[in-house]
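Enquirer: any chance you can model this:
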Amino acid sequence: MILKEVIDIYDLLDRADASGKELADYLRDNGADKVEVTNIEGEKGTTDGLKITIEGATKNAPVLGIVGRLGGIGARPEIKGFVSDGDGALTTLAAALKLARMKKRGDQLQGDVVLTTHICPDAPTREHEPVPFMDSPIDMEAMNKHEVCEEMDAILSIDTTKGNRVLNNNGFAISPTIKEGYILKVSEDLLSIMETVTGKKAYVLPVTQQDITPYSNGLFHINSIFQPAVATAAPVVGVAITTDMPVAGCASGASNFSDIESAGRFVIETAKCFTEKKCSFFDEKEYKKLIKLYGDLKQFQTVGIK
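Expert: Alright, predicted model coming up:
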């Protein structure tokens, strides 16, 4: 259970002066091996990028990346308080805190876990159907450059995914695996972990071809959950925090602690299994056959034909 970690991190994020430095100091005090803070400036403001490494026991073990996707944790001065869009950062940082505390107490994972996100308490908003989205002070290219790291062998991308009518359930869902332009089958291993963690049937987030292309091509995207997949050859699985009804990303008072806690437990259990080579994001043999039959689809990681 990581409810304590969720509450501890929320307390640091739900404030007008929330900063990467304060989060970094707190994580270090609780046993995080390495925490890097980078102030990133964009056309619409600045944000504090965070990269947290929880070292594993074996150097050659697989490395799991956990990316907390969001525009911002707050939309001040327009909206006061922590907004729904911040759930990706909250889940990722709570997982980082739990992993650091686990290691400090003797439960070190087999391989490294690298967690990235950013902290912006005053991000802009933008129009989106069916409900408004949070915008970001930095563009997607800058965000990917900070959050998608070459050492990540597989990535879980966590994002608030409430502003839609394609998955309507309180809790979280996982997506099919995305790899180099291909939408692959849903990982059976990850479905099993999800069912164990929640004690309920698994929910799967639908994916369209547009969703796995770069934001900058101007096509409709469900949100930024699959944007890490345009910047890496590693397999990417979305972890979507969802609701029964469409909820605006810029809405305050809309973060459900039980949903965030269960999503956090899912990524931690996945980290345990993945770094011990006990779970796979995709079938490598079948992927190679796809490439042989249909060629590579890396063009979907680009903005397309100019």
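Enquirer: what mean pLDDT would you report for stretch 8-20?
Expert: For stretch 8-20, mean pLDDT is 97.
Enquirer: pull out the buried residues from it.
Expert: Neighbour-count burial for stretch 8-20, counted by 16 or more other CB atoms under 10 Å, picks out 8-10, 12-14, 18-20. Glycine gets a C-beta too; all of them are placed from N, C-alpha and C.
Enquirer: name the residues that touch that stretch?
Expert: Outside stretch 8-20, the residues that touch it by CB atoms under 8 Å, 6 or more residues apart in numbering are 22-23, 26, 37-39, 48-50, 73-74, 76, 81-82, 86, 89-90, 93-94, 97, 118-119, 121-122, 255, 257.
Enquirer: what does stretch 125-132 give?
Expert: 71, 75, 78-79, 133-135, 162-165, 246-250.
Enquirer: which of those count as buried?
Expert: The neighbour count (16+ other CB under 10 Å) marks 71, 75, 79, 133-135, 162-164, 247-250 as buried among those.
Enquirer: and which of these is nearest Q209?
Expert: N164 (16.4 Å; CB to CB).
Enquirer: does the residue nearest to that closest one when sequence neighbours are not counted belong to a helix, a strand or coil?
Expert: Nearest in space to N164, with sequence neighbours left out and distances taken as CB to CB, 6 or more residues apart in numbering, is I222 at 5.8 Å. Classification of I222 by DSSP: H, G, I helix; E, B strand; the rest coil places it in coil.
Enquirer: so I222 touches L167, yeah?
Expert: No: I222 lies out of contact with L167 (CB atoms under 8 Å); the separation is 9.1 Å.
Enquirer: okay, the buried ones among the contacts of stretch 125-132 in TSV with distance to Q108 and pLDDT next?
Expert: Below are these laid out as TSV (distance: CB to CB, whole Å; pLDDT from 0 to 100):
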residue	distance to Q108	pLDDT
G71	34	92
A75	38	91
I79	40	88
F133	39	72
M134	36	83
D135	39	85
K162	35	94
G163	38	88
N164	38	89
V247	37	92
A248	40	89
G249	36	89
C250	39	90
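Enquirer: any idea how far L297 is from L190?
Expert: L297 sits 22 Å away from L190, going by CB to CB, to the nearest Å.
Enquirer: more neighbours, those two?
Expert: The residue with more neighbours, out of L297 and L190, is L190; 25 against 16, by other CB atoms under 10 Å.
Enquirer: any stretches of the stretch 1-150 of the chain with poor pLDDT?
Expert: Residue ranges of the stretch 1-150 of the chain with pLDDT under 70: 131-132.
Enquirer: okay, helices next: where are they in it?
Expert: Secondary structure of the stretch 1-150 of the chain by DSSP state H, counting those that start in this stretch: the helices cover 3-13, 20-29, 87-104, 140-147.
Enquirer: and for the stretch 201-306 of the chain?
Expert: In the stretch 201-306 of the chain, the helices defined using DSSP H, counting those that start in this stretch lie at 257-275, 284-294.
Enquirer: burial-wise, tell me which of the ones you listed comes out on top.
Expert: Most buried of these, by mean neighbour count (mean count of other CB atoms under 10 Å): helix 257-275, with a mean of 23.
Enquirer: tell me the angle it makes with helix 3-13.
Expert: Following axes from the mean of the first three to the mean of the last three CA atoms, to 10 degrees, one obtains 110 degrees for the angle between helix 257-275 and helix 3-13.
Enquirer: quick one: mean pLDDT over helix 257-275.
Expert: For helix 257-275, mean pLDDT rounds to 98.
Enquirer: which elements pack onto that helix?
Expert: Packing contacts for helix 257-275, counted by 3 or more CB pairs under 8 Å, 6 or more residues apart in numbering; DSSP states H and E, involve helix 3-13, strand 64-69, helix 87-104, strand 154-160, strand 171-174, helix 188-198, strand 236-242.
Enquirer: quick one, which of the ones you listed is nearest to I54?
Expert: Per CB to CB, nearest to I54 of the helices and strands packed on helix 257-275: helix 87-104, 4.4 Å.
Enquirer: mind giving me the packing neighbours of that closest one?
Expert: Using 3+ CB pairs under 8 Å, 6+ apart, helix 87-104 is in contact with helix 3-13, helix 20-29, strand 45-54, strand 64-69, strand 113-119, strand 154-160, strand 236-242, helix 257-275.
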